[in-house]
Every structure is written in structure tokens, then in C-alpha cells.
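In: Provided below for reference: sequence and predicted model.
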Amino acid sequence: MENVILVIHLILALSLIGIVLMQRSEGGGMGLGGGGGGGAITGRQAATGMTKLTWVLAVGFLVTSISLTIVAAQNASGTSVLDDGGLLPPTTEDAAPVPPVPSGESLLPPSADGAPVTPPRSE
């Protein structure tokens, strides 16, 4: 369903861009462009077919935008990406337990001559 709405949304967006670019400029912004239809004294011009089509495409674009938002909100889970566990290092509960070291033995590997290595003392 979401893919169908998305495809319709993209088609409407491209159509809206095309129809706006094909329209004749009214020259309102910087005094440039075509204007037409009687100058600045007249009121609004009659809506042409292009203007009506622009409104239909714009309304369709807004409807599909809202629909995509609703569908995405329904499909969203309430968990975070970080809650999946794959991105975070293991916590102390998840780590493998360290076996206890018998007294008198060192955790360091033996030296080259086989004698146990004692850690240096800090003074």
C-alpha cells in the first residue's frame, strides 16, 4: 500500500513541476514576464485549464503526502534502532563470565623461560 501511494506521489510531484513550468508568467514578482489580460487595473484573471490542473495536482500531492505520513506512522515500531542490540557493545550482563583465577597464579602468560611473570609494582 505504501509503495502504491509513493509511486502516485512521485508522479504527481513530477507532473506538478512540469505543469508549473509550462504556465505563463504573470509578472507579479519583479515586474518581469508576460502579464497579459488587461494590465494592473483588472482583477484576477479567469482560471484557465492549466490553472485548474495545477490545483488538482497540488491537492492530490497534499493528499498523498498526508497519506504517506499516516501509513508511515502506523508502520513505525515504538522501539529505537539502538534497542536492536546490534549497534551497541555488549553490556556486563551480556558478556561471558570470567572464570575465577586460582590463588597464587598469574593472569599474565609465562615468560620465554617458563617462569611466571609478575606484574610490575607501582610506587
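Out: That came through fine.
In: which residues in the protein form helices?
Out: Ranges of helices in the chain, per DSSP state H, are 2-22, 49-75.
In: can you redo those helices as JSON lines with distance to Asp113?
Out: All C-beta spots, glycine's among them, are computed from the backbone N, C-alpha and C. Formatted as JSON lines, the helices of the chain follow (distance: least, Cβ to Cβ, whole Å):
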{"stretch": "helix 2-22", "distance to Asp113": "69"}
{"stretch": "helix 49-75", "distance to Asp113": "65"}
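In: point out where this protein drops to low pLDDT.
Out: For the chain, the stretches flagged by pLDDT under 70 are 26-46, 80-99, 101-112, 114-120, 123.
In: and if we set it to 80?
Out: Applying pLDDT under 80 to the chain picks out residues 24-47, 77-123.
In: isn't Ile19 up against Met50?
Out: Yes. Under the criterion of Cβ atoms under 8 Å, Ile19 is in contact with Met50, at a separation of 6.4 Å.
In: between those two, who's got more neighbours?
Out: Ile19 (16 against 13; other Cβ atoms under 10 Å).
In: Provide a list of residues in contact with the more buried one.
Out: Applying Cβ atoms under 8 Å, 6 or more residues apart in numbering, one finds that Ile19 lies in contact with Met50, Leu53, Thr54, Leu57.
In: follow-up on the earlier one: how about the helices of the chain, which one is nearest Ser122?
Out: The closest of those to Ser122 is helix 49-75. By Cβ to Cβ, the value is 57.1 Å.
In: okay, angle between the closest one and helix 2-22 too, please.
Out: Helix 49-75 runs at 150 degrees relative to helix 2-22, counting by axes from the mean of the first three to the mean of the last three Cα atoms, to 10 degrees.
In: same for helix 49-75, what does it pack against?
Out: Applying 3 or more Cβ pairs under 8 Å, 6 or more residues apart in numbering; DSSP states H and E, one finds that helix 49-75 makes contact with helix 2-22.
In: put the alpha carbons of the helix it packs on into CSV.
Out: Below are the C-alpha coordinates for helix 2-22, written out as CSV (Å, rounded to 0.1, in the frame of the first residue of the first chain):
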residue,chain,number,x,y,z
GLU,A,2,2.8,2.4,0.9
ASN,A,3,4.6,1.7,-2.4
VAL,A,4,1.5,2.4,-4.4
ILE,A,5,0.9,5.8,-2.6
LEU,A,6,4.6,6.6,-3.0
VAL,A,7,4.5,6.0,-6.8
ILE,A,8,1.4,8.1,-7.2
HIS,A,9,3.0,10.8,-5.0
LEU,A,10,6.1,10.8,-7.3
ILE,A,11,4.0,11.0,-10.5
LEU,A,12,2.0,13.9,-9.0
ALA,A,13,5.2,15.7,-8.0
LEU,A,14,6.8,15.4,-11.4
SER,A,15,3.5,16.4,-13.1
LEU,A,16,3.1,19.4,-10.8
ILE,A,17,6.7,20.6,-11.6
GLY,A,18,6.0,20.2,-15.3
ILE,A,19,2.7,22.0,-15.3
VAL,A,20,4.0,24.9,-13.3
LEU,A,21,7.0,25.3,-15.6
MET,A,22,4.7,25.3,-18.7
